[in-house]
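Engineer: Predicted structure and sequence below. I'll ask about it afterward.
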Amino acid sequence: MTKENKRLLAVDILRGITVAGMLLVNNPGSWGHLYTPLEHAEWIGLTPTDLVFPFFMFVMGVSMFFSLRKFNFKLSGGLLLKICRRTVLLFLIGWMVQWFGMWLRSLYNPDVTFFDVMFAKLRILGVFQRLALVYFFGSMVAVLFKQRFIPWIIGIILVAYAVILGMGQGYDFTSDNILCRFDTAVLGEDHMYHESAGGITLALDPEGILSTLPCIAHVLIGLMVGKCLTEVHDNRDRIVQIAVWGGVMLLVGWLLQYGIPCAKKAWTSSYVLITCGMASSVLAMLIYAIDVKGHNKWCRFFQSFGVNPLFCYLLGSIFAIAFGTIRLGMDGDTPITIKSMLYHMWQAVTTTDEAASCLYAITFVLITWCFGYILYKKKIYIKI
């Protein structure tokens, strides 16, 4: 196997780990019974769960470099069409997942109208929509600016966003938070996610408009790591450079959090640096384990997710809605769904509800993996 292939395998495995992680933390048996590491930080802070989405965006940036390199980073009609087409597709997928969920729920609620399903209650932004926006703007920066300017663009974005939050009470969980005010004014409360912290619920979308700005910097950091992987040919040199820069970002982000709190739901600048630093360190370790030492048998499970990441995540999103909504029967006034049936099965064989909830999440990941594994074995790669 060539070094080029080995390098790509390490990226696939990191991508697969993050997809499996997103499916795991998004699908517990019960949101009321979670092990602490599987919970998001309520507002300020960082948990292992808060790492999975930023890790995915980081590796998305790495892959973006490989993709745009085929076009020599030159904007053309064909490349612009490709970028726009994928952006629109990701947006539509995000909306279609929501439409599917609302449509299923409407089958059991006759008061919900077609207009409610299609328009009135549609959340405009979300995970797929955020990926669409950062892909578009990240790609445009990569092809419109010389690569030596990109680190400066990253720095300007992070500083500007920190100033915006600092001047707009962006680190406070209140209705005066600029993220709440800006997104509510543009999107409307009915089209936003509502977050809760400290007994307060606000129309604050964790994938909102303003907080997409640092995400562009996030994916550009991944792009720069992709550049390092391409231009540095010795694996040991790659490990050193990626690990050093990862350590620098982690240290700077950790120090900055004393003035710029680390918060996923606001996607703060310190959060960007800390998570990108961690992702770089993990990637360096994977290159060492897979490419230098040749220990690759352990990672085959994640490879099935890694080669079809967005499709597997989409499939998992559809399964999550179907498992939790479609009724198999009724237990008095309580509907019996696939999710409730599996969760109660695990409750019967475990000692705590937290264990049952976690085992349901693992079962969910394994079910999704089975479909990803079939595609992987048949060498079917679905690009979204």
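Structural biologist: Good, I have the coordinates.

Engineer: Tell me where the stretch 151-300 of the chain has helices.
Structural biologist: For the stretch 151-300 of the chain, the helices defined by DSSP state H, counting those that start in this stretch occupy 178-187, 212-231, 235-256, 269-286, 300-306.

Engineer: tell me which residues of the third one are tucked away?
Structural biologist: Right, helix 235-256. 235, 238, 239, 241, 242, 243, 245, 246, 249, 250, 253, 256 (16 or more other CB atoms under 10 Å). (C-beta placed from N, C-alpha, C; glycine too.)

Engineer: Just give the closest residue to the second one, not the sequence neighbours.
Structural biologist: Excluding the flanking residues, the one nearest residue 238 by CB to CB, 6 or more residues apart in numbering is residue 232, at 4.9 Å.

Engineer: Quick one: the buried residues of helix 235-256 as JSON lines, columns for pLDDT and distance to residue 99 too.
Structural biologist: Listed next are the buried residues of helix 235-256 as JSON lines, based on pLDDT from 0 to 100; distance: CB to CB, whole Å:
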{"residue": "235", "pLDDT": "87", "distance to residue 99": "45"}
{"residue": "238", "pLDDT": "91", "distance to residue 99": "43"}
{"residue": "239", "pLDDT": "93", "distance to residue 99": "45"}
{"residue": "241", "pLDDT": "94", "distance to residue 99": "45"}
{"residue": "242", "pLDDT": "95", "distance to residue 99": "40"}
{"residue": "243", "pLDDT": "95", "distance to residue 99": "44"}
{"residue": "245", "pLDDT": "95", "distance to residue 99": "41"}
{"residue": "246", "pLDDT": "96", "distance to residue 99": "39"}
{"residue": "249", "pLDDT": "97", "distance to residue 99": "38"}
{"residue": "250", "pLDDT": "97", "distance to residue 99": "40"}
{"residue": "253", "pLDDT": "97", "distance to residue 99": "37"}
{"residue": "256", "pLDDT": "96", "distance to residue 99": "40"}
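
Engineer: Which members of the residues you listed are the farthest-apart pair?
Structural biologist: 235 and 256 (31.2 Å; CB to CB).

Engineer: Give the residue spans of the stretch 51-200 of the chain that score low on pLDDT.
Structural biologist: Applying pLDDT under 70 to the stretch 51-200 of the chain flags the ranges 114, 117.

Engineer: Regarding residue 16, which helix or strand does it belong to?
Structural biologist: Assigned by DSSP states H and E, residue 16 falls within helix 3-26.

Engineer: if you compare the helices of the stretch 151-300 of the chain, which one is most tucked away?
Structural biologist: Comparing these by mean neighbour count (mean count of other CB atoms under 10 Å), helix 269-286 ranks first with a mean of 24.

Engineer: Dump that one to CSV, keeping only the CA atoms.
Structural biologist: The C-alpha trace of helix 269-286 is given here as CSV (Å, rounded to 0.1, in the frame of the first residue of the first chain):
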residue,chain,number,x,y,z
SER,A,269,-13.3,31.1,19.2
SER,A,270,-11.6,29.2,22.1
TYR,A,271,-13.9,26.2,21.3
VAL,A,272,-12.6,26.2,17.7
LEU,A,273,-9.0,26.2,18.8
ILE,A,274,-9.4,23.6,21.5
THR,A,275,-11.3,21.1,19.4
CYS,A,276,-9.2,21.6,16.3
GLY,A,277,-6.1,21.1,18.5
MET,A,278,-7.6,17.9,19.8
ALA,A,279,-8.6,16.7,16.3
SER,A,280,-5.1,17.4,15.0
SER,A,281,-3.6,15.4,17.9
VAL,A,282,-5.9,12.5,17.3
LEU,A,283,-5.1,12.5,13.5
ALA,A,284,-1.4,12.5,14.3
MET,A,285,-1.9,9.4,16.6
LEU,A,286,-4.0,7.7,13.9
